[in-house]
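Engineer: coords below, sequence missing:
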Ligand SMILES: C[S@@+](CC[C@H](N)C(=O)[O-])C[C@H]1O[C@@H](n2cnc3c(N)ncnc32)[C@H](O)[C@@H]1O
């Protein structure tokens, strides 16, 4: 069991320089998907290789993982993948990140840290203020995907997003993955573990209206 990183620590108040989309990607005009809490980025490497018509951006709070992922991107000369280190909420709220929202078509929160104790709920990545910020920043039609194996965390995330007037739930059975950021329904590392261990997965998709 790894120790969760406390995102509210003052270590994350300072954020790194956010490069322009032209610096991040070979073709900055492609649709952009953002994965929040991407860990070592394996999910995004898989996606970027099979689906070169999208750009993928991962944000992760564990610095070593981001350093290694960035090195791998350079070594493999992948042009549609970029990683940023830090607390996702601080990074996206920063004025430097404003331009990113013009291109973001979707965001995923895959198996976020659950922070089981009530006094630690404020460390969960999805917070009402963050969702309000996303509602004000995302373009109409942008999608949010949430997935977890922790029912209590799912209920909390679903409540926090659904109570924001600007996000409407999409029925998964009506959703066409082939046109999404994940046309081949690639699985994250945690998702593979959960499937192998026959645990439940709770997921939902929201659209910004
Ligand atoms: C349980 S892991 C899931 C990793 C991956 N998404 C998956 O499905 O396999 C959650 C990840 O989110 C990262 N994380 C937690 N809070 C974060 C935050 N506020 N900003 C960015 N990353 C965060 C953690 O460090 C960890 O790598």
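Structural biologist: Right, received. Where do you want to start? All values reported here derive from a predicted model rather than from experimental measurement.
Engineer: Tell me the residue of this structure that sits nearest the ligand?
Structural biologist: residue 37 (2.5 Å; C-beta to the nearest ligand atom). All C-beta atoms are positioned from the backbone trio N, CA, C, and that covers glycine.
Engineer: Contacts only, for that residue.
Structural biologist: With C-beta atoms under 8 Å, 6 or more residues apart in numbering as the criterion, the residues that contact residue 37 are 59-61, 88, 109-113, 125.
Engineer: Check those one by one and keep those near the ligand.
Structural biologist: Checked against the ligand using C-beta under 6 Å from any ligand atom, those yield the following neighbours: 59-61, 88, 110-113, 125.
Engineer: So which of the residues you listed are in strands?
Structural biologist: Secondary structure assignment (DSSP state E) places 59-60, 110 from the ones next to the ligand among the contacts of residue 37 within strands.
Engineer: Quick check: residues of the chain near the ligand?
Structural biologist: 5, 7, 36-39, 59-62, 87-89, 110-113, 125, 188-191.
Engineer: Generate a ChimeraX selection restricted to the buried entries among these.
Structural biologist: Buried subset of the residues of the chain next to the ligand, written as a ChimeraX selection, criterion 16 or more other C-beta atoms under 10 Å:
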select :5,7,36,37,38,39,59,60,61,62,87,88,89,110,111,112,113,125,188,190,191
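Engineer: Point out where the protein drops to low pLDDT.
Structural biologist: Scanning the chain for pLDDT under 70 picks out the ranges 1.
Engineer: At which residues are the helices of it located?
Structural biologist: In the chain, helices defined by DSSP state H lie at 21-24, 42-50, 63-75, 88-93, 128-137, 151-162, 189-196, listed in chain order.
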